[in-house]
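Novice: This is a predicted model, with the sequence first.
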Amino acid sequence: MAGRLANRVESLQQSDIRRFSAWCARIGGVNLSQGVCDQPAPEAVKAAAKSAIDDDQAVYTHMRGIAPLREAIAAKVERFNGIKADPETEIAVGVGTAAVFSSVVLSLMDPGDEAIVFSPYYSYHVNLLKLLGNEVRFVDTRPPDWRYTSDELAAAFSERTRIILVNTPANPSGKVFHREELLEIVALAKKHNVWIVTDEIYEYITYGQPHVSIGSFPDAADRTVTISGASKTYAVTGWRVGYAVAPATLCDKIGVVSDHLTICAPAPLQHGIVAGMKLPDSYYEEMARDYGVKRDMLADTLRSIGFDPYVPEGSYYMLAGFEPGRFRDATHATETILEEVGVATVPGSAFYRDPKDGAHQLRFCYAKKMADLEEGCARLRKLGNQATRAS
């Protein structure tokens, strides 16, 4: 090969999530690995996108999204999140939350700046931070309740810290940050003059523990970027429509960076999401109940085969531990389960600051049609409660 690759991609690899999903597809297995959310989108959302296509809504949009969508987001975040935002100056729509997050990081951080991230973490957050030349300092959270220690959090801040990243409800742990934890984060961010970036894509999927947006606190309003999107709420992960809510000066830069990276989110699909945001509260309540049933079904299945599920407070992911010695490590467990019963999971080690912390854990995703999840659980039960496969 002529020339060399950039240093920034030298250690970059396909995620375990993608790798095991592809393996699962090749063998026709049940994918409990990637959060593809392969359920039907609401009819109103699909109809609005189809209508927009028929109406030739096919040109570039405003770099921060179509006005009706920004207005719908402003109404939603005031009603649900407790955040007041001007749709003209404080909301930026982008190509999914991953691209929005990249635009936020590029707007706030210079190469070598530090971000604080809670471990276990969503791998795309950390990989994007590193790809963009930033450093990561981790704060550990521990099962089963995914608490962190205040001393460790305070010690993570340095003179190079530019952002603290909060993912609530969290992927992969399902942790929903409590009000007291969020207030502690706000106080430290204010003390160290640090931005708070919060990814709240699973905000509607909680089980008893209420979702609280850190940007709703008065002391956080001028230093918080709230990221969310349509993918999980409306089961349209492939549509790529996400957004950021931020103070106006920063939001302008997020929009400009997003324009340079991706121009705009797909025009007709933005119209589809406007229709989604007009759905009644009963839609969101039913969605959460449905996921609660699926969560409990998967947890019961995992217990029956000797796993220890860390039942989540939110999101549609579940980490589960297995006895040391049953498999060599998490990767061996993932490969064995895929080979023996055709169910894809993700090694827990893929999500931790120290991979050893997840060496005896797997992550399962239950954002599946009920029939598919039932099939996945039936296959998992074929594993039995075996003491060891480590040889």
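Specialist: Cool, got the structure. Residues are numbered from 1 along each chain as shown.

Novice: show me what contacts Lys278?
Specialist: Applying Cβ atoms under 8 Å, 6 or more residues apart in numbering to Lys278 gives the contacts Ala44, Ala72. Every C-beta, even on glycine, is put in place using the N, C-alpha and C of the backbone.

Novice: Use 28 as the first number for this chain going forward.
Specialist: New numbering, starting at 28: the last item is Lys305.

Novice: quick check, it in a strand?
Specialist: No - per DSSP: H, G, I helix; E, B strand; the rest coil, Lys305 lies outside any strand segment and is coil.

Novice: For the residue nearest the centre of the chain, give me its contacts.
Specialist: Nearest residue to the geometric centre of the chain (Cα atoms, centre = their mean): Asn198, 5.2 Å. Asn198 makes contact with Gly62, Tyr149, Tyr229, Ser342, Tyr344 under the criterion Cβ under 8 Å, 6+ apart.

Novice: Any chance of those residues in JSON lines with distance to Val213, neighbour count and secondary structure as columns?
Specialist: JSON lines is the format used below for the contacts of Asn198 (distance: Cβ to Cβ, whole Å; neighbours: other Cβ atoms under 10 Å; DSSP: H, G, I helix; E, B strand; the rest coil):
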{"residue": "Gly62", "distance to Val213": "28", "neighbour count": "25", "secondary structure": "coil"}
{"residue": "Tyr149", "distance to Val213": "21", "neighbour count": "25", "secondary structure": "coil"}
{"residue": "Tyr229", "distance to Val213": "21", "neighbour count": "27", "secondary structure": "coil"}
{"residue": "Ser342", "distance to Val213": "22", "neighbour count": "29", "secondary structure": "coil"}
{"residue": "Tyr344", "distance to Val213": "26", "neighbour count": "25", "secondary structure": "strand"}
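
Novice: And these, which is the shakiest by pLDDT?
Specialist: pLDDT is lowest at Gly62 among these; the value there is 74.

Novice: if I look at it, how far off is Lys259?
Specialist: Counting by Cβ to Cβ, to the nearest Å, the gap from Gly62 to Lys259 is 7 Å.

Novice: which residues are in contact with both of these two?
Specialist: Tyr343, Ala394.

Novice: Helix, strand, or coil at the residue nearest to the centre of the chain?
Specialist: Going by three-state DSSP: Asn198 is coil.

Novice: What does the nearest residue to it once chain neighbours are set aside show for phi and psi?
Specialist: Closest residue to Asn198 apart from its sequence neighbours, by Cβ to Cβ, 6 or more residues apart in numbering: Tyr149 at 4.6 Å. In terms of degrees, to the nearest 10, the main-chain angles of Tyr149 are phi -80, psi 120.

Novice: right, and Tyr149 touches Pro199 too?
Specialist: Yes - counting by Cβ atoms under 8 Å, Tyr149 touches Pro199, with 7.1 Å between them.
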